[in-house]
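1. fold the stuff below for me.
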Amino acid sequence: MGVLFRLAWLELKLFLREPLTVVFSLALPLIFLFVLGGVFGNEPTQPGDEIVYRGVGGMNYYVPAYLGLVVASVCVMSIPAHLAGNRERGVLKRYHASSVGVVAVAGAEVVVAFVLSTVSAVILLIAAALAYDFEWPDSVPGVIGVFVFITAGFAAFGILLGSVLPTARAAQAIGMVIWFVMLFLGGAGPPPEVMTGAMQTMLDLIPLWHAVKVMQDAWLGLDAGLSWLVFAGIGAVSAPLGLYFFRWE
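-> So this is what the prediction gives:
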């Protein structure tokens, strides 16, 4: 355990030497939150109107949704690029030569994902609270538990990407494509109710959509349905595949 946390501390310091990646991961969700908040406000659906935002106000919908998005930003854009970059620079090779196991390396990336996701989430909540009036959760421990759940799942997915993608540039490009697809088709962009039939069908294929529903379940009491199982399955499949395909050089 001591090796894991020493390695995580080292990885965090290496990560912070890539300020563009860090700022990109932390700032993008915040920018989109303010854009959508300015466009849609926080008026709930009125009786007789078409239901949007699952029946709640726009900001009530988006604040918990963007907690999922900040985790996806760190784990899908930053972690894979960092892991692939470490491979390119020979950092992973030196770890391997020092008898550091793949589980320790992956575990350190998970710790880094938790630290950066938590910082990003706190910044998001402070900024949203200063700018908007929205509904806070009834159960803060429940929200924290869900946050841990989705961070673990997305971290496993990010480590899988970092394990199979050959270079940091490829990881950045593919991670960004996946992130923008999840943003616009995963419930964190346009309201799902205004999407076309084909786009709504794609929702169930987007990991972020299930993370959003799970977070809104804990935050707003909205039924997540099978999204708990689906997202757990994503993490359960990604974790062993990431370890299996992991390459030191």
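2. helix or strand with the lowest mean pLDDT in this structure?
-> Using mean pLDDT, DSSP states H and E, the weakest-scoring helix or strand in the chain turns out to be helix 19-40, at a mean of 71.
3. so how far is the following helix or strand past that one off the chain centroid?
-> Where DSSP states H and E defines the elements, the next helix or strand beyond helix 19-40 is helix 58-72. Counting by C-alpha atoms, centre = their mean, to the nearest Å, helix 58-72 is centred 10 Å from the centre of its parent chain.
4. check which helices and strands helix 58-72 sits against.
-> helix 19-40, helix 102-131, helix 140-164, helix 168-185, helix 207-220 (3 or more C-beta pairs under 8 Å, 6 or more residues apart in numbering; DSSP states H and E). From N, CA and C alone the C-beta is placed, and that goes for glycine too.
5. can I get the fourth one in CSV? Just the C-alpha atoms.
-> Taking only C-alpha atoms (Å, rounded to 0.1, in the frame of the first residue of the first chain), the coordinates of helix 168-185 have been written out as CSV:
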residue,chain,number,x,y,z
ALA,A,168,0.1,10.4,-26.1
ARG,A,169,-1.0,12.3,-29.2
ALA,A,170,-3.2,9.4,-30.2
ALA,A,171,-4.7,9.2,-26.7
GLN,A,172,-5.4,12.9,-26.7
ALA,A,173,-7.1,12.9,-30.1
ILE,A,174,-9.2,9.8,-29.4
GLY,A,175,-10.0,10.8,-25.8
MET,A,176,-11.2,14.2,-27.1
VAL,A,177,-13.4,12.6,-29.7
ILE,A,178,-14.9,10.3,-27.1
TRP,A,179,-15.4,13.2,-24.7
PHE,A,180,-17.2,15.4,-27.2
VAL,A,181,-19.4,12.5,-28.3
MET,A,182,-20.3,11.9,-24.7
LEU,A,183,-20.9,15.6,-24.1
PHE,A,184,-23.4,16.0,-26.9
LEU,A,185,-25.0,12.5,-26.9
